[in-house]
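In: What follows is a predicted protein model with its sequence.
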Amino acid sequence: MNVEILSRVQFAFTAAFHYLFPPLSIGLGMVLVMMEATWLRTRDPVYHNMARFWTKVFGLIFGLGVATGIVLEFEFGTNWATYSRFVGDIFGSALAAEGIFAFFLESGFLAILLFGWDKVGPRMHFFATCMVALGAHFSAVWIIVANSWQQTPAGSHLEINGVAAAAGQAFDPAAGSARMVIDDFWGVVFCPSSMDRLSHTLVGAWLAGAFLVISVAAYYLLKRRHTAFAASSIKFGLALAVAASLLALVTGHHSAAGVAENQPSKLAAMEGLWKSGPDAPLHVFGWVDSENRRTVGPAIPGGLSLLVGGSASHEVRGLDSIPEDLRPPIQATFQFFHLMVAIGMALIGMSMWGAWLWWRGKLDSPDTASTRWFLRLAVPAVLLPQIANQAGWFTAEIGRQPWIVWGYLKTSEGLSAVVRAEQVLTSLIGFGAIYLLLFALFLFLLNRKIQHGPETIEESHDLPENWRKQARA
Amino acid sequence: MDYNLLWYILVGVLFTGYAILDGFDLGVGALLPWVKDDHDRRVFYNAIGPVWDGNEVWLVTGGGALFAAFPVVYATVFSGFYLAFVLLLFALIFRAVAIEFRSKEPWIWWRRGWDVGFSAGSTTAALLIGVAMGNVVWGIPLDARGEFAGTFLGLLHPYALLMGVMTVALFMMHGAIYLHMKTEGALQNRIRGWINPLIIAFIICFALVSMATLLYVPRMVAILRAQPALFGVVVLLVLAVANLPREIHRNRDTAAFVSSCATMGLLMALFGLGMFPHMVYSDPEPAHSLTAYNASSTRKTLEIMTLIAAIGVPIVLAYTASVYYIFRGKVKVGKDSY
């Protein structure tokens, strides 16, 4: 195996593993804010119990997010040094801003969130919870800005040997030292894809948090454990899930329309569209047959044209308009994209079903057959947003190949010149072994936490001292 | 002052913040095997419990700032020190998850296992940070394009290893002084007994590093010869170290900790003064060295970053100080503790 494949596998593996945790912190952070706000409004100890329990889960997830996140920041330099030199002028600022505006905020207030129950009052604790959630969202903002700029570079230009390059020129090691140079910071931040991708990523993260809460609460309801706690928790999860699953549809639509405009080869691969023209079909699912240049499977005629252009007569660029060496891997892009969409639809269905049961007042009665079926499906449904989030990122990142910076630098050109294959193999084996261990321990400890259940404080006078003063009499 | 100098200083400030703050976390980790009792060990973990991950953010932000302000340095050092940095990552991962996982189960084998992870991870991280610093001081071979032209084993020369050992000793001393501030009773008395030997160990290492630097890397002190006023930094450093046993003796544990922080800050200041304007010194081909001027981003990016720092850093310092204030005082092991 060569150093390019190994470096790509290592980055994909470490990024995908890391990305199990941040969406949960973002989504669960939202849920914690909702729970503590409700405590402040109602002063009912049950919401305090909920916040305490979910905070412990949050701490475990956050710890793994921190431990696996620092790896990615190092990897840009260790494995992709040529890329780092090329994009440092732009990508580096976004990363530094993430550190200053997001990570410090999260980790500083996390101390109060996890260990401050007896040290500060409920309002200050609520404020700290809001800051942790805000920090988690900010970190998404800056890293998505950095990633989006590479998908749709704007606010910058290519410089070769210190001179601005002509339009259409790309990285060429023979021409001399090349780098991207910033023209306009806000042009980078609001590059054509950043806001669509940010909003879609955030609602995906909310879904991950919401379905974790729903899943654990559903498990308790089915087992008839901690029923008051679970019946209340599941409503917080569902409220967020309903909003987020519908927003995922809206933001997903905007993202796809943006991809059609800015990254036509990615869109063509996502839909397996070989022929340019109007009446482009939308596949429900299918199989890309590259040999015969066709995609088989049930499709809505004109659906893709309608979605990205507003009418069936809209022209969509197909793979025939893309030179072969500039096409991404089509099958993988197509399948990951369709997996994400299918799960997105299933999540809307689950959320609506739960909301309907809630509305009928049957959500917390597992004796009703329909509720029991919903709860049984809700327990494993925690995996769905995780799979969809991963599949979405695989679509985005595989679909932009061969580019690492769209139109300017190819992935194969971004490697570290001095790193050899056996070094990357060594580190890849190390990360593989360590992450496997961490994953097993994470599942083990999460399960232990869930089996142990929440500490239940029934009466206000059992609350921490600072909280008691403000609790309901 | 030009932007390149400003960012040379600011990146230095971020890494100094990391050394001072995570330095005591790593020191506490390295000292963990010195106590055997589970309650004492929990005191160690909880002394850093609320703050360690905020402290690690200084490294993340320092790395980000280096990437943004001096991308060529970031790319050359991180790819050149590939295996060393991967090992550092493994060490930091084990340190982090050990803190998080250890208290979750009461089993002895479980806790012992994570204690090994925490202690070995912390010690290894301190050692590797020192070895990397040693190589930066010593100089590494760079080719005409500014790429590392050496080998992993070539990084493990005696000077770098000596710097690594000094860093471990420094962090252990710093960690013990921090623990002295956060503990009470019999445990505090035991820790007090460790401090003087650790100060002596650090002084021995520091004397050896200083002599080796004067003999073999004289360019590191050229600036002190050129501008004798800067020798004041050395004087302050010696005074800060000499002040440590005095404050401990008088039982002023916070003042001792401040003095220890000053020691680390002054050491980093000396390092920064000696290196300037080099960021990576190329040996044997000095013309290939990376400096704050030939390895930086554009002026425009440095301006933007200055604005980001001007807005962000005061806010960060304000709430970091608040968090340390809220968690001031002696460690109490309770229900929410690690």
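Out: Great, that's in hand.
In: C-alpha from now on. contacts and neighbour counts both.
Out: Will do.
In: can you map out the helices along the stretch 1-150 of chain A?
Out: A:3-18, A:22-42, A:45-79, A:81-97, A:104-115, A:122-151 (DSSP state H, counting those that start in this stretch).
In: Repeat that for the stretch 151-300 of chain B.
Out: B:158-182, B:185-216, B:222-226, B:231-249, B:253-275, B:299-326.
In: from those helices, which stretch is densest packed?
Out: Mean neighbour count, computed with mean count of other Cα atoms under 10 Å in any protein chain shown, is highest for helix B:158-182 among the helices of the stretch 151-300 of chain B, reaching a mean of 25.
In: Is that one positioned near chain A?
Out: No - interface with chain A: helix B:158-182 contributes nothing (Cα under 8 Å from any Cα of the partner chain), its closest point being 15.8 Å away.
In: which helices and strands sit right next to that helix?
Out: On a contact count with 3 or more Cα pairs under 8 Å, 6 or more residues apart in numbering or on different chains; DSSP states H and E, helix B:158-182 meets helix B:3-31, helix B:38-48, helix B:108-138, helix B:185-216, helix B:253-275.
In: Turn the ones you listed into CSV, columns for mean pLDDT and distance to A:Thr251.
Out: Shown next, in CSV, are these (pLDDT from 0 to 100; distance: least, Cα to Cα, whole Å):
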stretch, mean pLDDT, distance to A:Thr251
helix B:3-31, 94, 37
helix B:38-48, 90, 41
helix B:108-138, 93, 42
helix B:185-216, 93, 57
helix B:253-275, 93, 48
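In: Nearest to A:Ala102, out of the ones you listed?
Out: Closest to A:Ala102 of the helices and strands packed on helix B:158-182 is helix B:3-31 (Cα to Cα; 15.7 Å).
In: what about the closest one and chain A, touching?
Out: No - Helix B:3-31 lies out of reach of chain A by Cα under 8 Å from any Cα, never closer than 10.6 Å.
In: quick one: that helix to helix B:108-138, angle?
Out: With axes from the mean of the first three to the mean of the last three Cα atoms, to 10 degrees as the basis, helix B:3-31 and helix B:108-138 are set at 150 degrees to each other.
In: For chain A, give me its nearest residue in the stretch 201-338 of chain B.
Out: Here the stretch 201-338 of chain B gets closest to chain A at one residue, B:Ser297, 5.1 Å apart by Cα to the nearest Cα.
In: show me the contacts for the closest residue to A:Phe190 other than its chain neighbours.
Out: Nearest non-adjacent residue to A:Phe190, counting by Cα to Cα, 6 or more residues apart in numbering or on different chains: A:Val145, 7.7 Å away. Applying Cα atoms under 8 Å, 6 or more residues apart in numbering or on different chains to A:Val145 gives the contacts A:94, A:188-191, A:194, A:198.
In: nearest to chain B, of those?
Out: A:Ala94 (8.1 Å).
In: mind listing what the closest one touches?
Out: A:Ala94 neighbours (Cα under 8 Å, 6+ apart): A:142-143, A:145-146.
In: Which pLDDT does the model give it?
Out: With respect to pLDDT, A:Ala94 scores 87.
In: My read is that B:Phe152 contacts B:Phe81, right?
Out: Yes - if you go by Cα atoms under 8 Å, B:Phe152 and B:Phe81 touch, sitting 7.0 Å apart.
In: give me the element the nearest residue to B:Phe118 once chain neighbours are set aside is part of.
Out: Closest residue in space to B:Phe118, ignoring its immediate chain neighbours: B:Arg95 at 4.4 Å, by Cα to Cα, 6+ apart. Under the criterion of DSSP states H and E, B:Arg95 resides in helix B:82-102.
In: what helices or strands is that helix leaning on?
Out: helix A:45-79, helix A:421-452, helix B:108-138.
In: Determine the angle, from 0 to 180 degrees, between the last one and helix B:158-182.
Out: Inter-element angle recorded for helix B:108-138 and helix B:158-182: 130 degrees (by the same axes, to 10 degrees).
In: And the first one, by the same measure?
Out: Orientation check (the same axes, to 10 degrees): helix A:45-79 against helix B:158-182 gives 170 degrees.
In: Any part of helix A:45-79 near chain B?
Out: Yes - against chain B, helix A:45-79 shows contacts by Cα under 8 Å from any Cα at A:60, A:63-64, A:66-68, A:70-71, A:73-74, A:76-79.
In: buried ones in that helix?
Out: A:45-71, A:73-79 (16 or more other Cα atoms under 10 Å in any protein chain shown).
In: and the stretch 251-400 of chain A, which residues reach chain B?
Out: Residues of the stretch 251-400 of chain A lying near chain B (Cα under 8 Å from any Cα): none found.
In: pLDDT below threshold where in the stretch 251-400 of chain A?
Out: Nowhere does the stretch 251-400 of chain A drop to pLDDT under 70.
In: So which residues of it form strands?
Out: Using DSSP state E, counting those that start in this stretch, the strands assigned to the stretch 251-400 of chain A run over residues A:282-283, A:287-289, A:294-296, A:299-300.
In: can the ones you listed go into a markdown table with extra columns for distance to B:Gly312 and mean neighbour count?
Out: Below are the strands of the stretch 251-400 of chain A laid out as a markdown table (distance: least, Cα to Cα, whole Å; neighbours: other Cα atoms under 10 Å in any protein chain shown):
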| stretch | distance to B:Gly312 | mean neighbour count |
| --- | --- | --- |
| strand A:282-283 | 46 | 21 |
| strand A:287-289 | 49 | 16 |
| strand A:294-296 | 51 | 15 |
| strand A:299-300 | 50 | 14 |
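In: can I get the helices and strands packed on helix B:82-102 in TSV with distance to B:Leu87?
Out: Converted to TSV, those look like this (distance: least, Cα to Cα, whole Å):
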stretch	distance to B:Leu87
helix A:45-79	11
helix A:421-452	8
helix B:108-138	8
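In: nearest to A:Glu291, of those helices?
Out: helix A:421-452 (32.2 Å).
In: thinking again about what came up before, now do the helix holding B:Arg95 against helix B:38-48, angle only.
Out: 120 degrees.
In: ok, and what's touching helix B:82-102?
Out: By Cα under 8 Å, 6+ apart, the residues outside helix B:82-102 that reach it are A:60, A:63-64, A:66-68, A:70-71, A:74, A:78-79, A:419, A:423, A:427, A:431, B:45, B:49, B:53, B:78, B:110-111, B:114-115, B:117-122, B:124-125, B:128-129, B:152, B:338.
In: how about a cut-off of 6 Å?
Out: Under the contact criterion Cα atoms under 6 Å, 6 or more residues apart in numbering or on different chains, helix B:82-102 has outside partners A:67, A:78, B:111, B:114, B:117-118, B:121-122, B:125.
In: List only those of those residues flagged as buried.
Out: A:67, A:78, B:111, B:114, B:117-118, B:121-122, B:125.
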